[in-house]
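S.K.: coords please:
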Amino acid sequence: MKKILGVFLIILMVLSCNSQKKYSDFDISYSKSGGYAPSYENLLIKGNDAHYSFEGQDKKIKKNFKISNEDLKKLDETLSKNNFRRIQEDHKKFYDNVTTSINIKKGANESSKNDGSLIMPNYKTNWENITVHFQEIINNNVKN
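M.R.: Here you go, the predicted model:
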């Protein structure tokens, strides 16, 4: 009985570790989460494959879609034009704030930024331009 239970636990552990691969193996990630009534929105991009998920407001959405090379090029141009790597985060503490995080793992704009403590005022417009572009990708590819 103990052997069967042990084998079952090992199989369960392997399956649970493998299911998280989608969430760790990506080139670009955009996530928005938190707030008083928490919601979680994620867009993960690996090559031309994109995975979108949303949970909150009594909704649960998961969708996989293809993103065109042209859209990826436009996103990269938006990141470059708005100096993504140079955006500075503030260091104030905010709680129950909706936080947007962007993580770029490859290319000239490789960096991680989030507005959990806000963005320094002189970079706010750049940050908004970038987040608007990610929302456009989501709106164009995910029909609610």
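S.K.: which helix or strand in the chain has the lowest average pLDDT?
M.R.: Across the helices and strands of the chain, mean pLDDT, DSSP states H and E gives its lowest value to helix 21-24, namely a mean of 55.
S.K.: spatially central residue in this structure, please.
M.R.: Among the residues of the chain, the one closest to the centroid is residue 30, at 2.4 Å (CA atoms, centre = their mean).
S.K.: give the contact list for it.
M.R.: The contact partners of residue 30, taken as CB atoms under 8 Å, 6 or more residues apart in numbering, are 42, 43, 100, 101, 102, 131, 134. Where C-beta positions appear, they are placed from N, C-alpha and C, glycine not excepted.
S.K.: for residue 107, same thing?
M.R.: 27, 76.
S.K.: please redo it, this time with the cut-off set to 10 Å
M.R.: 27, 28, 72, 76, 79, 80 (CB atoms under 10 Å, 6 or more residues apart in numbering).
S.K.: phi, psi for the residue nearest to the centre of the chain please.
M.R.: Summarising the backbone geometry of residue 30 under the convention degrees, to the nearest 10, its torsions are phi -130, psi 120.
S.K.: who does it bridge with?
M.R.: With DSSP bridges as the criterion, residue 30 is bridged to residue 43, residue 102.
S.K.: I'd like the distance between it and residue 75.
M.R.: Counting by CB to CB, to the nearest Å, the gap from residue 30 to residue 75 is 10 Å.
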